[in-house]
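[1] Provided below are the primary sequence and the corresponding predicted coordinates.
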Amino acid sequence: MAEQQIKVAVLGGGSFGTALASIAADNGACVRQWMRDEALVAQINQEHRNGRYLPHYAINPAVQASTDLPAVLNEAELVLIAIPSKAFRSVVQAAKPWLTPGQILVSTTKGIEQDSFFLMSQVLEQETGFSHIGVIAGPNLASEIADKQLTATVIASADALTRTRVQQALGCRYFRVYASNDRHGVELGGALKNIYAIAAGMAAALGMGENTRSMLMTRALAEMSRFAVAQGANPMTFLGLAGVGDLIVTCSSSLSRNYRVGHAMGEGRDLEEAISALGQVAEGVNTVKLVCAKAREMGVYMPLAEGLHQVLFAGVPAKEMARMLMMGEQSSDVEFVLPRESVQQAHQENRGWHE
């Protein structure tokens with residue numbers, strides 16, 4: 001990489017954006033990181049530390065932080081956009097005058113836009129019309145990446161150049177970058193698993209055991225893939241890092257923001273208190289609302305998401321939701337092997353036989 005130094009721009013001053021900026025710099029890239037907060041810019045440039053999100057992480061000193069968006073984007077070959085979904089489009093619009101069609105634009109945001117139900121790569125496509133667009137998703141807790149714990153992620157794009165350049169810029173001895181061409185499936189996996197992380201946090205706070213958590217995660221995987229396939233994704237994508245991989249880490253770890261929100265609510269706090277205590281964006285809260293509305297509209301069966309929606313927004317106690325879910329239908333295990341409809345039909349025929 002030193003022979004032909006790639007120029008990387010990172011938009012966003014959060015934990016994941018900061019970790020990726022430092023990895024790219026470790027790999028010899030010329031890295032500039034944009035954020036709005038001048039105090040944070042000064043701290044990164046002078047102390048090589050992001051005190052707000054990764055206080056104990058020594059950022060590569062070559063990372064240059066700035067509030068000047070045009071300067072950060074100037075001549076960047078690869079642009080990583082690590083901005084929460086609510087502000088994602090507005091930042092892309094602000095960046096647009098300084099973007100050029102040959103640039104590679106990659107979203108790292110695991111969320112869904114409220115009004116359009118667009119995933120972040122769709123926002124990028126709509127706003128820019130560029131051909132080199134991708135997404136990064138996977139079991140990627142930023143604090144563990146900062147500690148150089150072995151981690152794997154997925155770069156998903158229909159464009160081979162995007163996949164290759166991201167692998168070159170970010171792949172290293174502790175951060176492995178695998179490729180996928182199912183951008184939609186990978187991105188949906190990253191967004192949807194946040195819903196079930198909240199449910200897993202609640203279950204842990206309520207004292208539910210390992211059997212329960214295992215059931216919750218596998219039924220969540222069935223529900224995620226059911227919804228994603230209805231949206232045009234490949235079900236096999238959910239066997240990978242952005243599906244089952246991301247689901248495992250986010251439903252098992254107190255480092256997961258969405259898990260922590262669920263855990264606080266399982267302990268008896270309301271949603272506002274849980275979010276306030278977190279002090280960061282938990283994308284799953286917004287995603288629950290959006291996905292449940294879309295699932296109803298499409299006729300996709302999502303009992304876990306619906307149950308969680310009741311707890312978050314209708315005041316149903318978490319304990320009551322858990323009880324209701326256990327009384328739901330016992331249907332097919334893996335729907336792509338045995339369709340749910342076949343099980344339901346057999347139940348109906350059996351009822352008719354008994355009568």
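    That came through, no problem. Residues are numbered from 1 along each chain as shown.

[2] which residue ranges form the strands in the stretch 151-300 of the chain?
    For the stretch 151-300 of the chain, the strands defined by DSSP state E, counting those that start in this stretch occupy 151-156, 175-180.

[3] look at K96 and give its secondary structure.
    Under the three-state scheme (DSSP: H, G, I helix; E, B strand; the rest coil), K96 adopts helix.

[4] hang on, I meant V334
    Assigned with three-state DSSP, V334 falls in the coil class.

[5] mind picking out the helix or strand in the chain with the poorest mean pLDDT?
    Between all helices and strands in the chain, the lowest mean by mean pLDDT, DSSP states H and E belongs to helix 340-354, at a mean of 71.

[6] using CSV, write down the CA coordinates of it.
    Extracted C-alpha coordinates of helix 340-354, given in CSV (Å, rounded to 0.1, in the frame of the first residue of the first chain):
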residue,chain,number,x,y,z
ARG,A,340,-44.4,-22.2,7.1
GLU,A,341,-47.6,-22.6,5.0
SER,A,342,-47.1,-26.4,4.9
VAL,A,343,-47.0,-26.6,8.7
GLN,A,344,-50.1,-24.4,9.0
GLN,A,345,-51.9,-26.5,6.5
ALA,A,346,-51.0,-29.7,8.3
HIS,A,347,-52.3,-28.2,11.6
GLN,A,348,-55.6,-27.3,9.9
GLU,A,349,-56.0,-30.8,8.4
ASN,A,350,-55.2,-32.3,11.8
ARG,A,351,-57.8,-30.2,13.5
GLY,A,352,-60.3,-31.3,10.8
TRP,A,353,-59.4,-35.0,11.4
HIS,A,354,-59.9,-34.6,15.2
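
[7] which ones are touching the residue most central in space within the chain?
    Nearest residue to the geometric centre of the chain (C-alpha atoms, centre = their mean): K110, 2.8 Å. With contact set as C-beta atoms under 8 Å, 6 or more residues apart in numbering, K110 has these partners: A137, E187, G190, A191, K193, N194, E283. Bear in mind the C-beta positions are built from the backbone N, C-alpha and C, glycine included.

[8] can you tell me which of those residues has the most neighbours?
    Highest neighbour count within those, by other C-beta atoms under 10 Å: K193, with 32 neighbours.
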